[in-house]
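Colleague: Curious how this folds, go ahead:
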Amino acid sequence: MEKLWIIFIIIFIFFACSDDKNSQSHQKYIAKKIFIEFPVQDSLSIDTTKYNQNKEMVNAIKEADSVFLISHISCCIGSEPIVKENQINKDVLKEYIKISRKSRVRLIHILAKDNKPKTDFTSFCFEPHHAIIMFLKGKTSYINICFSCRKYQLSDKDEGYYSFDYQKWEELKNYFMSFRFKYELR
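Modeller: Sure, this is the predicted structure:
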């Protein structure tokens, strides 16, 4: 409703200020004035209430101060953790990147899509080599990802592995690869 009101005001200003003699200069002036008075909204101001899947995960990514994608060698029980004392453990890193706010929107759209009924079967190795790490006010949470068996685990859950449908896994894998990740991405 608020957006409609703003659009109405913009259209009204445009027509109210234009005259046939000098309409081009008025249009340039109005365009400049609109951008100065109505700044572009933050790219993460998307409405996440419409998403049915992974609401907690989506909100954590949306609200985080910073989000990193990593590939790592910490894949097994007893291995070095990927996060130590609320910091990324550099001893286990292979590749990493801090993603921009714009890239977060793309990630949110991938994770928030509804899962289709499961149609593929995979092994259950759960040897994760990738993660999405989120920092918020000095606290760290992450999603540890195994592309081999297509399972993931959340840092705040002690037990349990979760999965997506095949299409979402492929999109997530392509997302990592779009940042030139290569380690353990077959």
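Colleague: since we're on residue 63, how many residues are nearby?
Modeller: Other residues within reach of residue 63 by the criterion other C-beta atoms under 10 Å amount to 12. Where C-beta positions appear, they are placed from N, C-alpha and C, glycine not excepted.
Colleague: right, and it touches residue 135 too?
Modeller: No: in this structure, residue 63 is not within contact of residue 135 by C-beta atoms under 8 Å, at 10.7 Å.
Colleague: Which residue is the nearest non-sequential neighbour of residue 68?
Modeller: Computed as C-beta to C-beta, 6 or more residues apart in numbering, the closest residue to residue 68 that is not its neighbour in sequence is residue 133, at 4.5 Å.
Colleague: next one: residue 146
Modeller: residue 128 (4.2 Å).
Colleague: Could you report the neighbour count for that neighbour?
Modeller: The number of residues packed near residue 128 is 25, by other C-beta under 10 Å.
Colleague: Distance-wise, check it relative to residue 94.
Modeller: For residue 128, the distance to residue 94 (C-beta to C-beta, to the nearest Å) stands at 12 Å.
Colleague: Now the common contact residues for those two.
Modeller: Common neighbours of residue 128 and residue 94, counting by C-beta atoms under 8 Å, 6 or more residues apart in numbering, are residue 72.
Colleague: Quick check, the residue nearest to residue 146 in contact with residue 153.
Modeller: Yes: counting by C-beta under 8 Å, residue 153 is a contact partner of residue 128 at 7.1 Å.
Colleague: who touches both of those two?
Modeller: Joint contacts of residue 128 and residue 153 (C-beta under 8 Å, 6+ apart) are residue 144.
Colleague: lowest-pLDDT helix or strand in this protein?
Modeller: helix 23-37 (a mean of 39; mean pLDDT, DSSP states H and E).
Colleague: Tell me how this structure divides into domains.
Modeller: Split into domains by automatic domain parsing, the chain comes to 2-37, 48-178.
Colleague: and these, which one is worst for confidence?
Modeller: Lowest mean pLDDT of the domains of the chain: domain 2-37, a mean of 48.
Colleague: ok, the residue nearest to residue 68 touching residue 67?
Modeller: Yes: contact criterion C-beta under 8 Å: residue 133 and residue 67 qualify, at 7.1 Å.
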